[in-house]
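> could you look at this predicted model? Sequence included:
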Number of protein chains: 2
Amino acid sequence: MIKADYVKPDGRRLTLYTSGRPVRVDGPIPTPGDAVQATPQLRWHPLRGEWVMYAAHRQGRPFLPPPGYNPLAPTVDSENPTELPSGDYDMAVFQNRFPSLSLDAPTPADVQGVPVRAGVGSCEVVVFTQDPEATLAGLPTAQLRLLIDVWADRTTVLAQDDRIRSVLPFENRGVEVGVTLHHPHGQLYAYNHIPPVQEKTLANMRGYLQATGRPWLPDFVAQELQAGLRVVHDTTHALSVVPPFARYTYETWVMPKRAAAHLSDLTDAERDDFAATLHDALRRLDALFGVRMPYLMTVHQAPVDGEAYPEWPLHIELYPYLRAPGRMKYLAGTEQGAGEFANDAMPEQKAAELRALTTSGD
Amino acid sequence: MIKADYVKPDGRRLTLYTSGRPVRVDGPIPTPGDAVQATPQLRWHPLRGEWVMYAAHRQGRPFLPPPGYNPLAPTVDSENPTELPSGDYDMAVFQNRFPSLSLDAPTPADVQGVPVRAGVGSCEVVVFTQDPEATLAGLPTAQLRLLIDVWADRTTVLAQDDRIRSVLPFENRGVEVGVTLHHPHGQLYAYNHIPPVQEKTLANMRGYLQATGRPWLPDFVAQELQAGLRVVHDTTHALSVVPPFARYTYETWVMPKRAAAHLSDLTDAERDDFAATLHDALRRLDALFGVRMPYLMTVHQAPVDGEAYPEWPLHIELYPYLRAPGRMKYLAGTEQGAGEFANDAMPEQKAAELRALTTSGD
């Protein structure tokens, strides 16, 4: 992996990556509009016990853009600048122009009776390829391998800021998931605190480690390999399964076979298998109903506050939104009001369906 | 409120309600098909620390039915039975034919390494009116007043079963929220354990009570009335606000002005104001963009395990899914992967917009 760092005219950071060639940029680094004054703030939800992010400056952000303008494509016409320059690079990461969190967030005004603080953090956009028509599943495995390195690099770089405690790379894919730009891309949120899902996971995984003397993940991998029923794809160093506690019908988890805290902890061989197994999982989801599966992909790493997290189960969760052809899963009363998911299918059956699919490799 | 209980031919319970007249049923109690063998089960999610509900028998349930068949309308043709009889009644509650939880759930087979248990509980359908074209906002306030009584009654009845610990009435409204039947109706889930959102709320509200000697809700009501900025509608016994920690753009909470554990704790006068304030909130959401607002409504009561819950803040949460005309809120990477909501607008501004709307009363 080779990278080159730039600063955009409005002060935002841009990093371009290749899988080994030198990065080449043709022309100046563009930006699609005036600088946006981000004023994100956090407020405390006293019932759920969690921070809520407010970013009123986001209301002006683009929805589906008119045909012909794609802010994530390389700039070809200096009259219509995008977020990215033309040149030779494979992947790009830049700070979101309309961030929900910012390292420059100003201190907000007091709100009587409500804990409020600056929305300190970072929101970055990860552009997966220069090709606006591609999909992550359709790219070569080498590009997913690079993506693992890019996510690892961004996590390491962001962790160098003492204010960042947690980094979440993710991809929202499909209009059904609310995607506003169709150029293949993901995002990355960096929080200055440990978010609720990570906190809960930490507590439960610590409990397992304390009770058994072992981290949870290798035991889970051994259990799933022995059962066989829910395995989707198995490689030397990585595994994908529909977990026995799947919340989405075709939910798929991709994991290395040992407990790791961060992507940067994985060896090259582990990253190879992890990327190939992720690629396989994504291809199966697109092959399942013959349509581009709308999904949410989240990368679960340990906090980045300098502590060691031997209990952490590094993994990727894929939430496919279709539970059958043309039938979406919605988060409704029980999911949102009670925090309890209803799944209409057994994981064993859905894993068998995914396993039975024929997918083409590179 | 007057009610009459029935048993359907397939064994499911049906209760018909009026606001005072005797219930009258014309003809036999119908059911739309063969008895469904519900085999719901719960599995433990070891990372999130929550139960996931599995109901594989639900895969055969109807999606948008063909024109002319509405299972929630009164049966007019015995050749095409619906869920409900013809007759004189204002509201109906029956056990879901495809439940995610059942009081008759059989013990499931073991799953190696995964805590599994029967999906004991109840899933009920609450039909708001006989009129298939109505909306909750468009019904007379008296019908919402009856709904409060119906929710209270169902909660009390379900609580009599020692296995039920928590009851969540809710409404999913709109295709955008995944609604499969457009006849105005809600649902009610009864759990045999305390779900995650309720558990978190209990812990936080107990903390407040212990720290201050007072329940949280009256302090919150006083704070919001004093600030004024986020009040939507104020009556003698009930209040609606966009909470200062709103997660959805036009999120609205409706609450009595004192801490109460269950709807059944409210006096008639309190129920009158609670129903009128809820009705006002629903009308404002429909008036906001001139379209039927897709929303999720959840009714938050204390557990029903016989304990006292002086700390509990009885209230209703309305999550409107539109954040602007034609623009939906989606729960994506940060919400689902981190459990942390991003809201593009300030609650104070959105409360002012809702307050400024003119809505017609009955």
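Done, it's in.
> going forward, measure contacts between C-alpha atoms and count neighbours the same way
Fine.
> got the phi and psi for residue A:346?
phi -90, psi 140 (degrees, to the nearest 10).
> show me where the stretch 151-300 of chain A has helices.
A:196-212, A:216-227, A:268-288 (DSSP state H, counting those that start in this stretch).
> quick one, which of those is nearest to chain B?
Ranking the helices of the stretch 151-300 of chain A by proximity to chain B (Cα to the nearest Cα) places helix A:196-212 first, at 4.7 Å.
> check residue A:58 and give its pLDDT.
Looking at residue A:58, its pLDDT is 69.
> out of the helices of the stretch 151-300 of chain A, nearest to residue B:299?
Of all these, helix A:196-212 sits nearest to residue B:299, with 22.7 Å by Cα to Cα.
> convert that closest one to PDB, retaining C-alpha atoms only.
Only the C-alpha atoms of helix A:196-212 are listed here, as PDB (Å, rounded to 0.1, in the frame of the first residue of the first chain):
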ATOM      1  CA  PRO A 196     -23.100   2.100  23.100                       C
ATOM      2  CA  VAL A 197     -22.800  -1.000  20.900                       C
ATOM      3  CA  GLN A 198     -19.000  -1.200  21.500                       C
ATOM      4  CA  GLU A 199     -19.500  -0.600  25.200                       C
ATOM      5  CA  LYS A 200     -22.000  -3.500  25.400                       C
ATOM      6  CA  THR A 201     -19.800  -5.800  23.300                       C
ATOM      7  CA  LEU A 202     -16.700  -5.000  25.500                       C
ATOM      8  CA  ALA A 203     -18.600  -5.800  28.700                       C
ATOM      9  CA  ASN A 204     -19.900  -9.100  27.300                       C
ATOM     10  CA  MET A 205     -16.600 -10.100  25.800                       C
ATOM     11  CA  ARG A 206     -14.700  -9.200  29.000                       C
ATOM     12  CA  GLY A 207     -17.200 -11.300  30.900                       C
ATOM     13  CA  TYR A 208     -16.500 -14.300  28.600                       C
ATOM     14  CA  LEU A 209     -12.700 -13.900  29.000                       C
ATOM     15  CA  GLN A 210     -13.000 -13.700  32.700                       C
ATOM     16  CA  ALA A 211     -15.300 -16.700  33.000                       C
ATOM     17  CA  THR A 212     -13.400 -19.000  30.600                       C
END
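> deepest of the helices of the stretch 151-300 of chain A, which one?
helix A:268-288 (a mean of 22; mean count of other Cα atoms under 10 Å in any protein chain shown).
> check contacts around the nearest residue to residue A:153 once chain neighbours are set aside.
In this structure, residue A:153 finds its nearest non-sequential neighbour in residue A:264, 7.4 Å apart by Cα to Cα, 6 or more residues apart in numbering or on different chains. Going by Cα atoms under 8 Å, 6 or more residues apart in numbering or on different chains, residue A:264 touches A:149, A:152, A:153, A:156.
> neighbouring contacts of whichever helix or strand the first one is part of?
When secondary structure is defined using DSSP states H and E, the element that contains residue A:149 is helix A:141-159. Helix A:141-159 is contacted by residues A:1, A:17-19, A:90-91, A:128, A:136, A:164-167, A:169, A:190, A:262-264, A:271-272, A:275-276, A:278-279, A:304-305, A:362 when judged by Cα under 8 Å, 6+ apart.
> related to what we said a few turns ago, tabulate the contacts of residue A:264 (TSV), appending pLDDT, neighbour count and distance to residue A:43.
Formatted as TSV, these follow (pLDDT from 0 to 100; neighbours: other Cα atoms under 10 Å in any protein chain shown; distance: Cα to Cα, whole Å):
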residue	pLDDT	neighbour count	distance to residue A:43
A:149	98	22	34
A:152	98	18	30
A:153	98	16	30
A:156	98	16	27
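> which two of those have the greatest separation?
A:149 and A:156 (10.4 Å).
> near chain B, which residues of the stretch 201-350 of chain A?
A:201-202, A:204-205, A:223, A:227, A:244-247, A:296-300, A:328-334, A:337-346 (Cα under 8 Å from any Cα of the partner chain).
> select only the buried ones of those residues in PyMOL?
Buried residues among these (16 or more other Cα atoms under 10 Å in any protein chain shown), as a PyMOL selection:
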select buried, chain A and resi 201+202+204+205+244+245+246+247+296+297+298+299+300+328+329+330+331+332+333+334+337+338+339+340+341+342+343+344+345+346
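> who's in contact with stretch A:106-125?
Against stretch A:106-125 from outside (Cα under 8 Å, 6+ apart): A:39-44, A:53-54, A:93-96, A:99-105, A:163-164, A:185-192, B:223, B:227, B:244-245.
> in strands, which of those fall?
A:41-44, A:53-54, A:93-95, A:185-191 (DSSP state E).
> centroid-nearest residue for chain A?
Nearest to the geometric centre of chain A sits residue A:170, at 1.3 Å (Cα atoms, centre = their mean).
> show me the contacts for that one.
Contacts of residue A:170 by Cα under 8 Å, 6+ apart are A:186, A:187, A:188, A:296, A:297, A:298, A:299, B:333, B:337.
> again, only using 6 Å
Taking Cα atoms under 6 Å, 6 or more residues apart in numbering or on different chains as the criterion, residue A:170 is in contact with A:186, A:187, A:188, A:297, A:298, B:333.
> hang on, the earlier thing: what is the nearest of the ones in strands among the contacts of stretch A:106-125 to residue A:79?
Distances from residue A:79 to the ones in strands among the contacts of stretch A:106-125, taken by Cα to Cα, are shortest for residue A:94, at 20.8 Å.
> ok, of the contacts of stretch A:106-125, which come out buried?
A:39-44, A:53-54, A:93-96, A:99-103, A:105, A:163-164, A:185-192, B:244-245.
> now chain A, which segments are flagged as low pLDDT?
Applying pLDDT under 70 to chain A picks out residues A:58-66, A:360-362.
> farthest from the middle of it: give me that residue.
residue A:112 (35.3 Å).
> phi first, then psi, for that residue.
phi -50, psi 120.
> then residue A:91?
Backbone torsions of residue A:91, given as degrees, to the nearest 10, read phi -150, psi 150.
> any idea how many residues pack against the closest residue to residue A:312 other than its chain neighbours?
Leaving aside its chain neighbours, residue A:312 sits nearest to residue A:261 (5.2 Å; criterion: Cα to Cα, 6+ apart). Neighbour count for residue A:261, taken as other Cα atoms under 10 Å in any protein chain shown: 21.
> for the one 5 residues further on, same thing?
For residue A:266, the count of nearby residues is 21 (other Cα under 10 Å).
> burial count for the closest residue to it other than its chain neighbours?
Of all residues not flanking residue A:266 in the chain, residue A:260 sits nearest, at 7.3 Å (Cα to Cα, 6+ apart). Residues contacting residue A:260 under the criterion other Cα under 10 Å number 22.
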